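S.K.: Return atomic coordinates for the entry below.
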Amino acid sequence: MSSELTESFMGYRVRRDGVEPCVSEIMQSFDQEGRCKWLACLNPHSYVVAKNNSDFQAALKASDWLIPDGAGIMLASRILGTGIKMRITGPDIFYALHDRLQETGGYSVFFLGSSDETLAEIERRMCRDWPDIKLAGTYAPPFKHRFSDQDVADMVERINRARPDVLWVGMTAPKQEEWIYRALPKLDVRFAGAVGAIFDFYAGKIKRSHSLFIRLGLEWLPRLLREPRRLWRRTMISAPTFMWHVLLARFGLLRPVKE
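M.R.: Below is the predicted model of the structure:
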C-alpha cells in the first residue's frame, strides 16, 4: 500500500483516499509477483477489540489495505486533524472490485465463510450480476471460536485447489482477519478481503441501511434496532470507548500502539 495514500491514525496506517483509487491499486497488485495481498477494515469496534487482542492487532497492522470503515473513524479524523478524506466500507470495495473484474474479464473469486444457504444465494446472484466473473468455489466452514492449524491448512488446500484470483472471507471480526493472517504464507491467490457482513448483505439475508442513514453516518442505527442482542456491545461499549481514546489522543494523553 502506497504510503502517500495512507494516514497515520491511532497507531495504524489507514487508507486516506476514496474507493476508486483503492480498487485501482488492488487491480495493479494482480500483476505483481510475491505473496497474496489483503484488505481489512478498521472501525471503532475493531479498534477497541484489537487493544486487548494482540493477534488481531498484528493482523490489522499486517494488512496491505486498511480502510476507514465507520462514521466514527471519520469523526475521529476530524477531531485529530488527520487527512482521512472519506469513509470506505467493505461493501464499497466488494462491489467496485467486482465491477472492475467484470469489465476486464477472465478473473475468478472464492467465498469462504457464512452458511451453505447464503453461499448458494451468492452464487445465484453472482451469475446474474457479474456473469463474466468465474465463481471458483465456496466453502462454509463449521463454526469454531478458533480454528486449529489443521483446520486452516485444510481450508487453504481447498482454496488453492480452486485457483481463484480473489478470496472473500466473511467470518466476522476478528476471526476473519486472524484467519487470513495465519493462512497468508500458503495462500495461492492474488488478493484476499476480510469483508464480514457483505456475505449476508449481498445474499439479501440482512438488509443494509437506507442510503440516507449511510450518508448521515447512522448506518449502525437501523442495524442495531434489528439486531440489538448481536450489536449492542459495538454501540454501547466499543463506540464510547473509542471516542474516549480519540479525545485522550487529541490532548496527547494516549500512547497509541506502534505502527
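S.K.: and the end-to-end length of stretch 33-43?
M.R.: Start-to-end span of stretch 33-43 (C-alpha to C-alpha, to the nearest Å) is 30 Å.
S.K.: and it, which residues are buried?
M.R.: For stretch 33-43, the neighbour count (16 or more other C-beta atoms under 10 Å) marks 36-43 as buried. (Each C-beta comes from the backbone N, C-alpha and C, glycine too.)
S.K.: So which of these sit within helices?
M.R.: When those are checked against helices (DSSP state H), there are no matches.
S.K.: what's the closest of those residues to Ser77?
M.R.: Distance to Ser77 across the buried residues of stretch 33-43 (C-beta to C-beta) is lowest for Leu42, with 11.2 Å.
S.K.: what sits against the closest one?
M.R.: 9, 12, 14, 60, 66-70, 73 (C-beta atoms under 8 Å, 6 or more residues apart in numbering).
S.K.: one more time with 7 Å
M.R.: Contact analysis of Leu42 by C-beta atoms under 7 Å, 6 or more residues apart in numbering lists 12, 14, 60, 66-69, 73.
S.K.: Strands along the stretch 101-250 of the chain, start to end?
M.R.: Shown for the stretch 101-250 of the chain, the strands assigned by DSSP state E, counting those that start in this stretch span residues 108-113, 134-139, 166-170, 191-194.
S.K.: Return the list of strands paired to the second one, each annotated with direction.
M.R.: If I follow you right, that is strand 134-139. strand 108-113 (parallel) (DSSP bridges).
S.K.: mean confidence score for the partner strand?
M.R.: Strand 108-113 shows a mean pLDDT of 98.
S.K.: which residues in the stretch 1-150 of the chain form helices?
M.R.: All helices of the stretch 1-150 of the chain, identified by DSSP state H, counting those that start in this stretch, fall at 19-29, 44-51, 54-62, 71-80, 90-104, 116-129, 149-162.
S.K.: Pick the most deeply packed of those helices.
M.R.: Sort the helices of the stretch 1-150 of the chain by mean neighbour count, taking mean count of other C-beta atoms under 10 Å, and helix 44-51 sits at the top with a mean of 22.
S.K.: Next one: the closest residue to Val48 other than its chain neighbours relative to Arg250, how far apart?
M.R.: In this structure, Val48 finds its nearest non-sequential neighbour in Ser238, 4.3 Å apart by C-beta to C-beta, 6 or more residues apart in numbering. Distance, Ser238 to Arg250, using C-beta to C-beta, to the nearest Å: 19 Å.
S.K.: the more surrounded of those two?
M.R.: With neighbours defined as other C-beta atoms under 10 Å, Ser238 and Arg250 compare such that Ser238 has more, 19 against 13.
S.K.: Contacts only, for that one.
M.R.: Neighbours of Ser238 in contact, by C-beta under 7 Å, 6+ apart: 44-45, 48.
S.K.: Pick the one among those residues closest to Gly113.
M.R.: Within the contacts of Ser238, the smallest distance to Gly113 is 18.1 Å, found for His45 (C-beta to C-beta).
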